[in-house]
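# Based on what follows, work out the 3D shape:
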Amino acid sequence: MTAVKPYSESSEQNREPILAVLRVAFADRKRVLEIASGTGQHAVHFGAALPHLTWQTSELPANHAGIRAWLDEAGLANVLAPVALDVNDPAWPVAEVDAVFNANTVHIVAWPAVQRMFAGIGRVLAPGGVVCLYGPFNYNGTYTSDSNARFDAWLKARDPASGVRDFEAVNRLAEAQGLRLVDDIEMPVNNRTLIWRRNA
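Prediction:
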């Protein structure tokens, strides 16, 4: 029996603005690890638009069937079936990659998981590698919009360990892995894409 394709409205809405960023950031990349591929919508959209990339999906096993449903329909040779990846695990089932993409995870998981995610990126990212991280962030401890403040309150009511993260704290985690911020791009609906490059 074929799995029903899961659907994310936000993935549909943000895919074109993110793709515009990735076209530049990943222009010279070859192998991308997408951490937390969610429904799989981003993977098939970006994989189709960026055929020079091998796009490795990853997720918790419970979400694999949905991702495979999207991948099976798209039939893209450059988008790989999901590997089981929990950011909290000390070893990731991923060979070295020269790029990492993640959208809308760091405000969902607890802060220790964010710390472990960056430690994991440090283990799998090649020298000179690029990381693109999409989502909402605070700056100098301040919300960038009223909607982000409401979103943060909603997140914390749902799970007190979640919440919109401070850019400065996230950037410190990146720097600890030898990553240097090269761009911070304003995105629609009060989101950002942060881009780091690892020292060669």
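
# only C-alpha atoms for contact and neighbour calcs from this point on.
Noted.

# By residue count, what's the longest strand in this structure?
Looking across the chain with DSSP state E, the single longest strand is strand 125-135.

# That one: partners in the sheet, and parallel or antiparallel?
When pairs are called by DSSP bridges, strand 125-135 turns out to pair with strand 97-103 (parallel), strand 191-198 (antiparallel).

# Tabulate those strands (JSON lines), appending mean neighbour count and distance to T54.
What follows is the strands paired with strand 125-135, written out as JSON lines (neighbours: other C-alpha atoms under 10 Å; distance: least, C-alpha to C-alpha, whole Å):
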{"stretch": "strand 97-103", "mean neighbour count": "22", "distance to T54": "10"}
{"stretch": "strand 191-198", "mean neighbour count": "22", "distance to T54": "19"}
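
# how about TSV for these, with distance to C132 added?
Shown next, in TSV, are the strands paired with strand 125-135 (distance: least, C-alpha to C-alpha, whole Å):
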stretch	distance to C132
strand 97-103	5
strand 191-198	5
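
# would you list those strands in TSV and tack on mean pLDDT and distance to D183?
Listed next are these as TSV, based on pLDDT from 0 to 100; distance: least, C-alpha to C-alpha, whole Å:
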stretch	mean pLDDT	distance to D183
strand 97-103	98	14
strand 191-198	98	5
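
# Could you pull out the helices in the chain for me?
Under the criterion DSSP state H, helices of the chain are mapped to 9-25, 41-49, 64-74, 111-124, 146-158, 167-176.

# Which elements pack onto the shortest one?
Contact analysis of helix 41-49 by 3 or more C-alpha pairs under 8 Å, 6 or more residues apart in numbering; DSSP states H and E lists helix 9-25, strand 54-59, helix 64-74, strand 79-84 as its packing neighbours.

# Report the buried residues of stretch 129-144.
129-138, 143 (16 or more other C-alpha atoms under 10 Å).
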